[in-house]
Every structure is written in structure tokens, then in C-alpha cells.
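1. next come a sequence and a model predicted from it.
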Amino acid sequence: MEYTEKKPEENNTTVTQFLFLGFAGLPNLQGFLFGMFSIMYMIILIGNSFIIVIARTDQALQKPMYFFLANFSFLEICYVSVTLPRILYNLWTQDRRICLLACAIQMFFFLILAATECFLLAVMSYDRYVAICNPLHYPLVMNPTKCTQMAVGSWLGGIPVQIGQTCRIFSLHYCNSNRIDHFFCDVPPILKLACGDTSMHELSVYLVAMLFVASPFMLILASYSKIIATILKLPTAMGRAKAFSTCSSHLVVVVLFFGSATINYLRPKSIHSAGTDELLSLFYTIVTPMFNPLIYSLRNKDVIAALRRILLKM
């Protein structure tokens, strides 16, 4: 990540509000972007709500895998709702201003929910690991109490660190410019506006990214290495196909989310650019949540069967 160091003496003006520049360079497409993002938001809300409803109401889906999937779908709704309504407001009103407090609140919830997503994806991979590699112990290991504890831990685990992260970032002095070259209050573009030396804050961002992105991703890789090794040992092709189908959807989501987030937060400074930041952020904050319900539905026979049962009752 590339943060520009500014000397406080260059300008004594204190910033009290920020101005989003994201999509401002496309004045003729504001209406189109508003319509497109509105449709995407509706798809995200409807698709993830559908997953939650069938996971909670269909008796055949009362399993740990779908308990975590319902949590994940609710998380996606919250995650997108932190940024997308503000984007729609900016596009509709052309008022791109945001006060420091509102920006800090948006960043805090964005970071908290991003950490929750990392943890929850790791928990879901662990669930698949136990189901495939230790099926006899699965009911004991993944009992309702432990599932609830892991879900609650995923939701709350990142709060203390992200409170500190947000407070440190907004304790900085901002001057010279209030223009955020982004469409929401993300960490890299905000740090670029800070006066003075931000090297320690930059290091903090890397450490937190390693904790909340790289660590869960390593756990997921370890789980799937065991899962793949176990699947390859199954005696029949049908057994291998069935085992792989239960975790392939989750693996696709993991690659999409962690791939774009890792590139955005951990790539070298030499290839860091505002345009790339916006594109990657758009991908893992909006595009991926939109496709997740589709990925889980099309690749999961239990979900398709539950949908058929619902349609037959109508």
C-alpha cells in the first residue's frame, strides 16, 4: 500500500469532512450507475434472504453447514449495507460529502464485518474438514453449542482490534486535502490524506491484515489440503464427486473473497493505484456478495431440493 507523507506545516487547514471522488469522473453515467447498483443491492438482499429463510425453515437443512451458511448470508447483507446505500445516496443526490464521525463509523463497521467474514469462512472450512475427514466424530465435534460458540466468536472476535485500528486512524491530523479517491471510507485512501509520518499506521494495517486475512486463509488452506487428500482416497468416483460437491461452493467463495482482499491490502507499493483499489474493493464488497447465493444454490443439491419443496407447497 502506498501512503503519501505530508508535512503538517504545508497547510494548517484542519479537515472536518471528506469528499468522495469515486465515480465522480463519470458524470454521464451517474444515472446508469445508480440503477445498476440498485439492482445489485436488491439481488443481494433477496438472494441472501432466500438462503437464510430456507436454511432456517427446511427440516432437511438443520445441519451445522447450513447454520453457518445462514450466518454468512446475514453477514453479506450487513456487509454490503455498510457501503452500498451510501454509494446510492451519493449517486442520487450528487452530494459526496461525509463528516469525519460518519466516515469513522462506516470504516469501523466495514472492518468489523470484513473480519467476521474471514473468521466465518475459516469456521465453515473447519466444518467441512470435520464432516469429510472425521465423519464419525462430526456430531460430537459440531454440536449445537459449539456451533453457536464458533459463530458468536466469528462475529465478535475482531471488535477489540478494529476499535483500536479505527481510533488510531482517526486520531491522525488531516490537512491539505479532503478528497477521498474512493467510494467509501476504506483504510488506504484515508491514510493517504493524513499529515505527517504514517509509517507506523501503515505497519499496523499490515499486521492487522495478516491477523484477519492471512491467518484465517492459512487455516482454510490447511483444512482443504486435508479434505482433498481424504477425498482422493475414497474408493469410488461417485463418493469423491459427492464429497467434493459439499465443499466446492465454499472453496469458490474463499478464492473470490480472499483473493481480491489480499491483493488490495497486501500487494507491494510499486503496483498500488487508486483505480485498482476501487476495482478490487467493488469486487469484494459488492460483486462477490451478489454471486454468493447463486454459487451456493447451484452447487448444492440440498439447497436445490429445498427450493423444489418450497415451490411445490406454493
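-> Great, that's in hand. For clarity, every value in this text was computed on a predicted model and none was experimentally measured. Numbering: from 1, shown residues only.

2. list the contacts of residue 18.
-> 97-100, 103, 178-180, 185, 190, 193 (C-beta atoms under 8 Å, 6 or more residues apart in numbering). Where you see a C-beta, it was placed from the backbone N, CA and C, and this is true even at glycine.

3. let's see it at 7 Å
-> Each residue near residue 18 by C-beta atoms under 7 Å, 6 or more residues apart in numbering is listed here: 98, 103, 178, 180.

4. of those residues, buried ones?
-> Taking 16 or more other C-beta atoms under 10 Å as the criterion, what is buried in the contacts of residue 18 is 98, 103, 178, 180.

5. from the residues you listed, which ones fall inside strands?
-> Using DSSP state E to define strands, the subset of these located there is 98, 180.

6. including distance to residue 234 and pLDDT, could the buried ones among the contacts of residue 18 go into a markdown table?
-> Listed next are the buried ones among the contacts of residue 18 as a markdown table, based on distance: C-beta to C-beta, whole Å; pLDDT from 0 to 100:
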| residue | distance to residue 234 | pLDDT |
| --- | --- | --- |
| 98 | 53 | 92 |
| 103 | 51 | 94 |
| 178 | 59 | 86 |
| 180 | 51 | 87 |
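
7. just name the closest of the buried ones among the contacts of residue 18 to residue 23, please.
-> Of all these, the one with the least separation from residue 23 (C-beta to C-beta) is residue 180, at 12.0 Å.

8. I'd say the closest one and residue 191 touch.
-> No: between residue 180 and residue 191 no contact is recorded; they are 10.7 Å apart, counting by C-beta atoms under 7 Å.

9. show me what the longest helix seen in the chain is packed up against.
-> As far as residue count goes, and with DSSP state H defining each element, the longest helix of the chain is helix 100-133. Helices and strands in packing contact with helix 100-133 are listed as helix 64-93, helix 138-141, helix 144-156, helix 159-170, helix 215-232, helix 237-266; criterion 3 or more C-beta pairs under 7 Å, 6 or more residues apart in numbering; DSSP states H and E.

10. most tightly surrounded among those helices?
-> A comparison of these by mean neighbour count, using mean count of other C-beta atoms under 10 Å, puts helix 64-93 on top with a mean of 20.

11. what helices or strands is that helix leaning on?
-> In this structure, helix 64-93 makes packing contacts with helix 30-57, helix 100-133, helix 144-156, helix 288-298, judged by 3+ C-beta pairs under 7 Å, 6+ apart.

12. closest to residue 46 out of the helices and strands packed on helix 100-133?
-> Ranking those by their distance to residue 46 (criterion: C-beta to C-beta) puts helix 64-93 first, at 10.1 Å.

13. the closest one vs helix 288-298, what angle?
-> Note on geometry: by axes from the mean of the first three to the mean of the last three C-alpha atoms, to 10 degrees, helix 64-93 and helix 288-298 are set 140 degrees apart in direction.

14. where does pLDDT dip in this protein?
-> Low-confidence segments of the chain (pLDDT under 70): 1-13, 176, 239, 242-243, 246, 264-276, 298-299, 314.

15. many thanks, have a good one.
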